[in-house]
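Visitor: Sequence and predicted model, in that order:
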There are 2 protein chains.
Amino acid sequence: MDFSDFNIAIVGLGLIGGSLAMSVKKKLNPKNLWGIDVNTNVLDHAESTNIIDRGFLSAREPLQKSDIVFICIYPRETVEFVKEHMDNFKHGAIIIDAAGIKVPLLSAIAPVLRDDIDYISCHPMAGRESKGLEFAGDNIFEGADYIITPTEKNKPENIELIKEIAKTLGFGNVVCINPCLHDDMIAFVSHLPHIIAASIVLDPIMAEETLYTGGSFRDMTRVARINPDLWAQLLLDNSEYVLKHLKIFKENIWDFEEAVSKKDYSRLKFLLAKACERKESFDLGADTRNKSER
Amino acid sequence: MDFSDFNIAIVGLGLIGGSLAMSVKKKLNPKNLWGIDVNTNVLDHAESTNIIDRGFLSAREPLQKSDIVFICIYPRETVEFVKEHMDNFKHGAIIIDAAGIKVPLLSAIAPVLRDDIDYISCHPMAGRESKGLEFAGDNIFEGADYIITPTEKNKPENIELIKEIAKTLGFGNVVCINPCLHDDMIAFVSHLPHIIAASIVLDPIMAEETLYTGGSFRDMTRVARINPDLWAQLLLDNSEYVLKHLKIFKENIWDFEEAVSKKDYSRLKFLLAKACERKESFDLGADTRNKSER
């Protein structure tokens, strides 16, 4: 598709916003690509390196002229930003967020949403341990999943447009799912792993001089390098589903603990074999899904 | 060092034994490299592809002539093998295992150990999700940690020899630690992560069609593909330390759960920040250690 008549704005030039800017510039080549951020240095850098065409500290002017606005800031800030700027969006604009939590965000925004703009909530499932524009790159989305959580109000043609954009930007699976299912799934595939990684590294043995590690430990604790502000928000905003999966996880841990403490070899082998089977069939399903949808 | 007068035998040509054979052949170039395995096909394949010079189903003959024997089979099998073949080892031979658990193994072997052979218990901290010779490679040890757990009986010159061999084979950190500390550490860096990965994938949501995952989930569950027999053994043989770290882990998980359920933002942020700090300082320490020891 041709985007040479489109003005596109990106709100928040951090890791995701910055990477999106690089990718949009290179692969969509819009008429104008504008960046909105609270940090002058970030805007200056993005402008001087041609990541964006122009940077704005104040959102009003670029929003009034933008056909598509990508909002790439924290979920709670996203709600604030959308509320604050509801009157500034261009007639017919498509507003896309990148928030990792959907139900509370959509509920908060729904009452103030203008009828003539299309707010489409999306989640690019990509990240890095490090935050900020300096870690951004136009390749971080390559093959990653892009989740769209449409509401009844979204126009089908705009959903199709987003899908096409996401595929053009390099995402692998681009799929629509229900916002509730999104939050349930994210509690499991993202929020739970972060709590686990953090819980592991809080063991006092981490301070031992002689802790030599293999790949399983490195992989398991990678995401303990976390942004505490963002993640405290995410976990609380999704507390219902987080608690649901924590409960299931704890029951499984308890099963293992009991089998180990009772020296119950056959129970332990049964649990491990069941887990291995689940994982293998999951990986197989994921492979099939990737192939069929690409 | 020159190994052209050495006969070396490797017991068990699985992933670790096979990789070791490839690496020993290429980098140590011994007089003879013999493989001992219970599987004729494995021996035939290893012989015909020159991974070993000759394969043996019966261990007696190669053991009687080998200066160094690497035992690369499960911990409990290692104990059985050493006991069974105690009379067959060459006078002055160095026997090296690759077991992931030390205290129970050394305790079981000590009473039957001949005085003229040097049994040195080692742990190459490398692995793959898949087992068997077909996944072996001479590069899987590259930069990995090699742990030696010496006892009072080991000759210092033989420990030095093992260190040199491990470095020649490409291992990164080659270190000596106390067997108890080894088992404590391994419970934390390896056994706990495997229990956690298994406990995650036992969540029923794994069967959902629409489970899209990012890097944190993939990394976190990688080792759920587990060999149930081996791991049931490992967890039970190390049950004391496994239960110790499971207890600490559960307390941390409980802290997070409580903070989420009470919607306690500041407590949650405190826990996440503490975890992040621990992880960052651990990574920094690991980097420094790697640099100073290489």
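Guide: Looks like it came in fine.

Visitor: where along chain A do the strands fall?
Guide: A:7-11, A:32-36, A:54-56, A:68-71, A:94-97, A:118-120, A:122-124, A:146-148, A:174-176 (DSSP state E).

Visitor: Tell me which of these is the most buried.
Guide: Highest mean neighbour count among the strands of chain A (mean count of other CB atoms under 10 Å in any protein chain shown): strand A:7-11, with a mean of 27. Quick note: C-beta positions are derived from backbone N, CA and C, even for glycine.

Visitor: Note down every partner strand of that strand and its orientation.
Guide: Strand A:7-11 sits in its sheet next to strand A:32-36 (parallel), strand A:68-71 (parallel), going by DSSP bridges.

Visitor: Which elements pack onto whichever helix in chain A runs longest?
Guide: In chain A, taking DSSP state H as the definition, the longest helix is helix A:265-293. Contacts defined by 3 or more CB pairs under 8 Å, 6 or more residues apart in numbering or on different chains; DSSP states H and E place helix A:265-293 against helix A:239-261, helix B:192-201, helix B:228-237.

Visitor: Which positions within that helix qualify as buried?
Guide: A:267-269, A:271-273, A:275-276, A:278-279, A:282-283, A:286, A:289 (16 or more other CB atoms under 10 Å in any protein chain shown).

Visitor: got it, and stretch A:125-136?
Guide: A:125, A:126, A:127, A:129, A:133, A:136.

Visitor: Give me the lowest-pLDDT entry from the residues you listed.
Guide: Model confidence across these bottoms out at residue A:129, which has 64.

Visitor: low-scoring stretches of chain A, by residue?
Guide: Along chain A, the parts satisfying pLDDT under 70 run over A:128-130, A:287-294.

Visitor: let's see it at 80
Guide: Applying pLDDT under 80 to chain A picks out residues A:127-132, A:134-135, A:209-210, A:213-215, A:285-294.

Visitor: Give me the domain ranges for it.
Guide: A:7-177, A:181-261 (automatic domain parsing).

Visitor: What is the end-to-end distance of the longest one?
Guide: The first and final residues of domain A:7-177 sit 28 Å from each other (CA to CA, to the nearest Å).

Visitor: farthest pair in the buried residues of helix A:265-293?
Guide: A:267 and A:289 (32.7 Å; CB to CB).

Visitor: Mind putting the buried residues of helix A:265-293 into JSON lines with distance to residue A:114?
Guide: JSON lines is the format used below for these (distance: CB to CB, whole Å):
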{"residue": "A:267", "distance to residue A:114": "59"}
{"residue": "A:268", "distance to residue A:114": "58"}
{"residue": "A:269", "distance to residue A:114": "59"}
{"residue": "A:271", "distance to residue A:114": "53"}
{"residue": "A:272", "distance to residue A:114": "54"}
{"residue": "A:273", "distance to residue A:114": "55"}
{"residue": "A:275", "distance to residue A:114": "49"}
{"residue": "A:276", "distance to residue A:114": "51"}
{"residue": "A:278", "distance to residue A:114": "46"}
{"residue": "A:279", "distance to residue A:114": "46"}
{"residue": "A:282", "distance to residue A:114": "42"}
{"residue": "A:283", "distance to residue A:114": "44"}
{"residue": "A:286", "distance to residue A:114": "39"}
{"residue": "A:289", "distance to residue A:114": "36"}
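
Visitor: how about the residues of the stretch 1-150 of chain A near chain B?
Guide: A:125, A:126, A:127, A:144, A:145, A:147 (CB under 8 Å from any CB of the partner chain).

Visitor: Dump those to CSV, plus distance to residue A:44.
Guide: As requested, these are arranged in CSV below (distance: CB to CB, whole Å):
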residue, distance to residue A:44
A:125, 30
A:126, 25
A:127, 25
A:144, 29
A:145, 33
A:147, 33
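
Visitor: In these, find the pair that's most separated.
Guide: Greatest spatial distance in those: A:127 and A:147, 13.5 Å, computed using CB to CB.

Visitor: before we move on, the earlier item: most packed of the domains of chain A?
Guide: Most buried among the domains of chain A, given mean count of other CB under 10 Å as the contact rule, is domain A:181-261, at a mean of 21.

Visitor: Just the endpoints, please. Distance across that domain?
Guide: 37 Å.

Visitor: how close does residue A:69 sit to residue B:279?
Guide: 35 Å (CB to CB, to the nearest Å).

Visitor: just residue A:125 next, same as before
Guide: Distance, residue A:125 to residue B:279, by CB to CB: 22 Å.

Visitor: Could you do residue A:221 as well?
Guide: Plainly put, residue A:221 is 6 Å away from residue B:279 if you go by CB to CB.

Visitor: do residue A:193 as well
Guide: Distance, residue A:193 to residue B:279, using CB to CB: 14 Å.

Visitor: ditto for residue A:14
Guide: 21 Å.

Visitor: same question, residue A:284
Guide: In terms of CB to CB, residue A:284 sits 32 Å off from residue B:279.

Visitor: what's the answer for residue A:96, then?
Guide: Applying CB to CB, the value for residue A:96 to residue B:279 is 32 Å.

Visitor: Residue A:241 contacts residue A:190, doesn't it?
Guide: No - with contact defined as CB atoms under 8 Å, residue A:241 does not count as touching residue A:190 (10.7 Å).

Visitor: Residue A:230 and residue A:76 touch, don't they?
Guide: No - shown here, residue A:230 and residue A:76 do not form a contact pair, counting by CB under 8 Å, at 9.4 Å.

Visitor: Look up the closest residue to residue A:285, ignoring the ones flanking it.
Guide: Nearest non-adjacent residue to residue A:285, counting by CB to CB, 6 or more residues apart in numbering or on different chains: residue B:209, 7.8 Å away.

Visitor: next one: residue A:198
Guide: In space, not counting the residues next to it along the chain, residue A:198 is nearest to residue B:275; the distance is 3.5 Å by CB to CB, 6+ apart.

Visitor: Please tell me I have it right and that neighbour contacts residue A:195.
Guide: No - with contact defined as CB under 8 Å, residue B:275 does not count as touching residue A:195 (9.3 Å).

Visitor: Contact partners for residue A:106?
Guide: Applying CB atoms under 8 Å, 6 or more residues apart in numbering or on different chains, we find residue A:106 in contact with A:121, A:149, A:151, A:179.

Visitor: Any figure for the gap between residue A:155 and chain B?
Guide: Residue A:155 sits 23 Å away from chain B, going by CB to the nearest CB, to the nearest Å.

Visitor: before we move on, the earlier item: take the domains of chain A and write them to a markdown table, including distance to residue B:107.
Guide: As requested, the domains of chain A are exported to a markdown table (distance: least, CB to CB, whole Å):
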| stretch | distance to residue B:107 |
| --- | --- |
| domain A:7-177 | 41 |
| domain A:181-261 | 19 |
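
Visitor: and of these, who's closest to residue B:183?
Guide: In terms of CB to CB, the element of the domains of chain A nearest to residue B:183 is domain A:181-261, at 12.0 Å.
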